[in-house]
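Colleague: Coordinates for the following, if possible.
(one chain, ligands or ions: 2)
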Amino acid sequence: MSRLQAEHLYKVFGRRPDQAVQRLEGGTHRDELRADGTTAAVIDASFTVEPGQIFVVMGLSGSGKSTLLRMLNGLLEPTAGRVLFDGQDLTALSPRELRSVRSTKISMVFQHFALFPHRSVLENAAYGLEVQGVARAEREERAAQALELTGLAGWEKSWPDELSGGMQQRVGLARALATDADLLLMDESFSALDPLIRRDMQDQLLELQKRLKKTIVFITHDLNEAMRLGDRIAVMRDGEIVQQGTAEDILVRPSNDYVASFIQDVDRSRVLTAGSIMEAPAAGSADEDLLAEAPATVTSETPIAELFAPCSTSGAAVAVTDEDGGVIGLVQRETLLAALGEEPQVEPQADTQVPAPRDEAEKVIAGA
Ligand SMILES: Nc1ncnc2c1ncn2[C@@H]1O[C@H](COP(=O)(O)OP(=O)(O)O)[C@@H](O)[C@H]1O
Ligand SMILES: [Mg+2]
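Modeller: Residues are numbered from 1 along each chain as shown. Ligands and ions are numbered 1, 2, ... in the order given. Predicted coordinates for the structure are as follows:
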């Protein structure tokens, strides 16, 4: 069973939302609704997230990402469609049942860390457990473990303002992990961090994920971040999911010009692997002949950024080998250069979104 399923989700803000959904289903464009002061924030979004996956929702500011995320934990009621969490229809739960699911099974990490300034790091990390009514000794122990997981052992007694932005976000992550929730919802969680710290956090999340195997829905407006983190990526535009797939699917086979324009900014050399660009060796050629021609070897998982050095020692090509050392393909130098494309690297767009208001952040953390 999928951990999370979104089925034909719609969220319309403004007048007569149900009627607006019918019109959208009938093919009316959201811009026409906009003229009546109605905003179709999410239009017919369907996807599934498997246990242990990182599912990334990527799109520009205003494309509907946060609205979609808030329907996934029941904070916003869909105008139409359903959310199934472990097969349970969230949209059919009573407010009380929903609160219980939200406080025990789902955790949310925000862009702005939503830490309480007058609580210690440990108390901040323990907050979700406090709301669940877990006794002090146990919650402090679990919070301390979560802080250790996020690299903050030794900082338990510090105050949030003694920590750097990156460390504060680790506290936010520790708070989410301390509750043992299966599902983590992360809304632009790393977007406010400096690029280097942001990369560190991405690495740490991937590292943690290997051990903890949570199910994560991660929202970002940065395609590089999406590509690094996402097992699957959904690209949103104007409320609609315009493409879903793996990083490679999206990079190699963008489904339309909009997605294509996004991927011009991506560091392709980190996303594409030798396996995705290699060519099969000519039929009947012996491994030893191939290796004489292309003595440097890599695996199919090697990012193409790491093929330049072997390519230059090797001459014109690199051999891609399997676990037993057999040659499964060749990457020619020209193929490597072509795969990188000619687009200049562009800085990702500045994030213009307004942070979730503080009281809402607290409400969600508290599972209220
Ligand atoms: N509570 C609300 N009332 C009215 N419009 C809203 C509300 N929340 C979001 N919107 C609108 O829905 C659209 C999608 O917003 P949002 O989900 O925040 O996008 P993103 O997170 O991708 O930046 C925007 O046009 C936004 O103005
Ligand atoms: Mg948002």
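Colleague: which residues of the stretch 101-250 of the chain fall in strands?
Modeller: 106-109, 183-187, 215-220, 232-237, 240-245 (DSSP state E, counting those that start in this stretch).
Colleague: Now render these as TSV, adding mean pLDDT, distance to M58 and mean neighbour count.
Modeller: Where C-beta positions appear, they are placed from N, C-alpha and C, glycine not excepted. Converted to TSV, the strands of the stretch 101-250 of the chain look like this (pLDDT from 0 to 100; distance: least, CB to CB, whole Å; neighbours: other CB atoms under 10 Å):
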stretch	mean pLDDT	distance to M58	mean neighbour count
strand 106-109	89	17	27
strand 183-187	94	12	24
strand 215-220	96	6	26
strand 232-237	96	5	23
strand 240-245	96	10	18
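Colleague: and the residue in the chain positioned nearest to ligand 2, how many neighbours?
Modeller: Distance from ligand 2 to each residue of the chain (CB to the ion) is smallest for S66, at 3.1 Å. Each residue near S66 was counted by other CB atoms under 10 Å, and the total is 21.
Colleague: Who does the spatially closest residue to it that is not a sequence neighbour form a beta bridge with?
Modeller: What sits nearest to S66 in space, not counting adjacent residues and going by CB to CB, 6 or more residues apart in numbering, is D187, at 5.7 Å. Legend: beta-bridge partners of D187 under DSSP bridges are I219.
Colleague: who's in contact with D187?
Modeller: K65, S66, L69, M108, V109, F110, Q111, I219, A356 (CB atoms under 8 Å, 6 or more residues apart in numbering).
Colleague: Quick check: the second one vs L290, distance?
Modeller: In this case it means S66. Noted for S66: a distance of 51 Å to L290, by CB to CB, to the nearest Å.
Colleague: Please apply the same query to the first one.
Modeller: Computed with CB to CB, the distance linking K65 and L290 is 46 Å.
Colleague: which of those two has more neighbours?
Modeller: K65 (26 against 20).
Colleague: Could you check the pLDDT of the more buried one?
Modeller: The model reports K65 with a pLDDT of 96.
Colleague: Over to S285?
Modeller: For S285, pLDDT reads 88.
Colleague: just L33 next, same as before
Modeller: 92.
Colleague: Quick check: next helix or strand after the one helix or strand it maps to?
Modeller: Applying DSSP states H and E as the criterion places L33 in helix 30-34. Remark: after helix 30-34, the chain's next helix or strand is strand 39-49, criterion DSSP H and E.
Colleague: now that next one: how far from the chain's centre is it?
Modeller: 16 Å (CA atoms, centre = their mean, to the nearest Å).
Colleague: try stretch 156-176
Modeller: 21 Å.
Colleague: ok, and the helix or strand in this protein with the lowest average confidence?
Modeller: helix 358-365 (a mean of 51; mean pLDDT, DSSP states H and E).
Colleague: I'd like the strands of the stretch 101-250 of the chain laid out as CSV, including distance to A174.
Modeller: Shown next, in CSV, are the strands of the stretch 101-250 of the chain (distance: least, CB to CB, whole Å):
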stretch, distance to A174
strand 106-109, 10
strand 183-187, 12
strand 215-220, 15
strand 232-237, 26
strand 240-245, 31
